[in-house]
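Undergrad: Predicted model and sequence below, questions to follow.
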Amino acid sequence: MTELLTAAQMRAIEQAAIESGNVAGLELMERAGQGAVGAILAEWPELGVGEHRVVVLCGPGNNGGDGFVIARLLKEAGWEVDVSLYGDAGNLPPDAKVNYERWAAMGAIRAYRIDPPPLVDDYLKLPDRFDLLIDAVFGSGLTRPFTGLFTIIALGRERLTEAGVKCVAVDVPSGLCADSGRVLGCVIPADLTVTFHRQKVGHFLNQGPEVSTKISVADIGIEGSPRSRVGAVGGCPAAPGDAIQLVETPRQLDKFNGHKYSHGHALILSGGVGKGGAARLSARGALRIGAGAVTIGCPPAALIENAAQLTAIMLTAVKDVYALNDILKDDRINALCLGPGFGVGDREKALLAAVLEHRSPGRDPGPQPAGQSQGPGSRPGLRRIVLDADVLSLLAQDESLFAKLHKDCVLTPHGGEFARLFPDIAERLNQPASTGPAYSKVDATRDAAKRSGCVILFKGPDTVIADPSGRCSINAAVYERSAHWLATAGSGDVLAGFITGLLARGFDPMHAAKAGAWLHTECARSFGPGLIAEDLPEELPKVFRTLGL
Ligand SMILES: NC(=O)C1=CN([C@@H]2O[C@H](COP(=O)(O)OP(=O)(O)OC[C@H]3O[C@@H](n4cnc5c(N)ncnc54)[C@H](OP(=O)(O)O)[C@@H]3O)[C@@H](O)[C@H]2O)[C@@H](O)CC1
Ligand SMILES: [K+]
């Protein structure tokens with residue numbers, strides 16, 4: 001389980017470690033500097049031999065303090081070191097001040113005031129040639145946008161890359177909000193970002209991956225402390241529900257025993273003639289991921305078209321609400337998917353209302369083992385629903401439909417659909433970030449989950465999944481899991497099908513959303529560029545084999 005931290009959580013963990021008496025803040029700063037140097041030499045071993053020159057940009061807080069430690073360590077290793085301080089030495093926090101003084105006893109410091117900012121010509125009188133730029137200007141304490149300094153560096157950054165200068169961000173690239181991954185003002189993009197103890201949420205959201213480029217986590221020796229995790233016993237102020245997890249290999253994919261209906265039965269409602277492709281993609285995804293049976297329900301006129309395309313997937317006519325209610329008398333149908341290619345007419349609206357109302361009258365599955373409920377079919381009438389695409393538009397248009405949403409629903413909006421469903425939340429998220437920590441996609445998804453009472457899966461390379469209780473995870477298709485070719489027509493329909501299939505197999509909504517998103521990314525990575533949506537379900541057997549299933 002990989003837990004991501006906000007700046008406040010990291011501060012609380014650091015504070016708890018210091019208060020435990022096992023380690024002093026100054027020692028943590030020393031370890032942070034050592035960790036950064038270690039990570040740099042591991043990344044570029046060639047920097048460990050021969051003569052090199054580094055420019056260290058320090059800022060007014062403890063991130064700057066880390067910079068002074070790095071300057072000292074590299075100088076001791078024989079480097080030529082050029083240090084600047086952006087801020088007032090008299091106002092440095094205590095540990096940073098100690099390291100400032102230690103460095104001052106070894107070398108020069110060019111100091112620049114924050115207010116008024118330095119003139120372009122005055123700032124960054126960089127040496128003619130150097131190998132490494134250490135960005136220790138701002139870390140997790142960035143509270144407001146700042147452009148003066150950053151603009152100069154950001155503008156010169158490309159030139160530095162061309163000159164072969166490597167840029168290392170200490171903790172986060174300066175200008176990046178450690179909680180939201182949003183840029184306040186402008187940012188110094190890094191070639192390598194060295195962070196401490198745990199990766200930060202902002203490394204995975206929004207622009208975080210693009211400007212952090214590669215993350216190395218340095219151990220600063222607080223791992224064993226009783227409060228090193230969010231929500232640990234007596235831990236930091238954040239409630240357990242506030243921990244944000246990175247979605248990883250799902251552990252509950254082993255097959256149930258029994259006949260095919262013990263793997264559940266998914267019903268995918270499709271649109272009319274010529275509109276069935278999206279639902280067929282969802283159905284294929286649901287079947288491949290292991291639903292025992294999958295049926296597409298389409299308007300009578302679309303039966304022939306669908307029949308010509310389907311073999312293992314069953315087909316039934318759903319003319320109207322009466323027909324649907326008849327089908328739903330079959331208790332083995334335990335998961336539904338509505339939205340892909342569905343349409344937004346009166347028939348669809350009525351079907352959506354009926355499905356939302358049809359939910360297991362008075363049946364609560366009660367406490368379940370982590371991630372899985374009892375075998376599907378064991379609780380007749382319990383229906384879990386994935387709502388995607390057109391249905392999200394219907395929900396956005398009609399408050400009474402929205403009010404029918406419940407905890408067994410999973411909504412899977414992309415950015416545009418999210419903005420239609422939750423316009424005020426999206427507006428807050430899309431406003432330029434003016435204070436740090438900035439409102440993040442995690443905050444927005446949690447707020448949306450709370451309002452709707454459902455699991456929300458907010459798509460993107462940084463897919464955020466939250467439930468109404470605040471539980472939250474990020475499926476990150478970034479860094480080594482990057483799969484930009486996943487942005488292809490129909491890919492979302494397959495994702496909706498994956499989640500539906502997992503719901504049919506008995507996964508609870510949160511775990512189905514997480515596992516579905518993770519497997520979706522894995523299929524794309526496994527297939528590689530050239531992928532089209534049809535390839536995603538077909539890649540699942542290979543991914544399952546890799547998982548040892
Ligand atoms: N936590 C840990 O366990 C460990 C933490 N460590 C390190 O500490 C870092 C966090 O340190 P930090 O809290 O001092 O924050 P940091 O970003 O250095 O600067 C804050 C200062 O900047 C100022 N300021 C903010 N925005 C500004 C702007 N736009 N323009 C101008 N000024 C601005 C702000 O001013 P204020 O908002 O208070 O007015 C404040 O003075 C962390 O990233 C890691 O590197 C390690 O040593 C290992 C252990
Ligand atoms: K930094």
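TA: Received it, and whenever you're ready, just let me know what you need. Ligands and ions are numbered 1, 2, ... in the order given.
Undergrad: Just give the number of residues close to whichever residue of the stretch 351-500 of the chain sits closest to ligand 2.
TA: At 12.8 Å from ligand 2, residue 436 is the closest residue in the stretch 351-500 of the chain, using C-beta to the ion. All C-beta spots, glycine's among them, are computed from the backbone N, C-alpha and C. Residues near residue 436, counting by other C-beta atoms under 10 Å, number 22.
Undergrad: Ok, residue 45 next?
TA: 9.
Undergrad: My read is that residue 248 contacts residue 2, right?
TA: Yes: contact criterion C-beta atoms under 8 Å: residue 248 and residue 2 qualify, at 6.3 Å.
Undergrad: So the two - more neighbours on which side?
TA: residue 2 (15 against 12).
Undergrad: quick one, what contacts that one?
TA: 199, 245, 246, 248 (C-beta atoms under 8 Å, 6 or more residues apart in numbering).
Undergrad: which residues in the stretch 1-150 of the chain form helices?
TA: Secondary structure of the stretch 1-150 of the chain (DSSP state H, counting those that start in this stretch): helices at 7-19, 25-43, 62-76, 94-104, 148-162.
Undergrad: do the stretch 301-450 of the chain as well
TA: For the stretch 301-450 of the chain, the helices defined by DSSP H, counting those that start in this stretch cover 303-307, 321-327, 346-357, 389-397, 399-402, 415-421, 423-430, 441-452.
Undergrad: Can you report how many residues lie near the residue lying closest to the residue of the stretch 351-500 of the chain closest to ligand 2 once chain neighbours are set aside?
TA: Excluding its sequence neighbours, the residue lying closest to residue 436 (C-beta to C-beta, 6 or more residues apart in numbering) is residue 142, at 4.4 Å. Look at residue 142: counted by other C-beta under 10 Å, it has 30 neighbours.
Undergrad: Nearest spatial neighbour of residue 70, chain-adjacent residues omitted?
TA: In space, residue 70 is closest to residue 33, 4.8 Å off (C-beta to C-beta, 6+ apart).
Undergrad: ok, now how distant is the residue nearest to residue 436 from residue 433?
TA: 10 Å (C-beta to C-beta, to the nearest Å).
Undergrad: Give me the common contacts of these two.
TA: Here residue 142 and residue 433 share the contacting residues 177, 184, scored by C-beta under 8 Å, 6+ apart.
Undergrad: which residues touch the residue of the chain positioned farthest from its centre?
TA: Within the chain, the residue lying farthest from the chain centre (C-alpha atoms, centre = their mean) is residue 105, at 43.6 Å. Contact analysis of residue 105 by C-beta under 8 Å, 6+ apart lists nothing.
Undergrad: Got the confidence number for it?
TA: According to the prediction, residue 105 has pLDDT 98.
Undergrad: Kindly report the same for residue 366.
TA: pLDDT, read off for residue 366, is 42.
Undergrad: Any figure for the gap between the closest residue to ligand 1 within the stretch 301-450 of the chain and residue 342?
TA: Closest contact between the stretch 301-450 of the chain and ligand 1, by C-beta to the nearest ligand atom, is at residue 436 (6.6 Å). Here residue 436 is placed at a distance of 41 Å from residue 342 (C-beta to C-beta).
Undergrad: go on, residue 308?
TA: Distance from residue 308 to residue 342, by C-beta to C-beta: 20 Å.
Undergrad: All set now, cheers.
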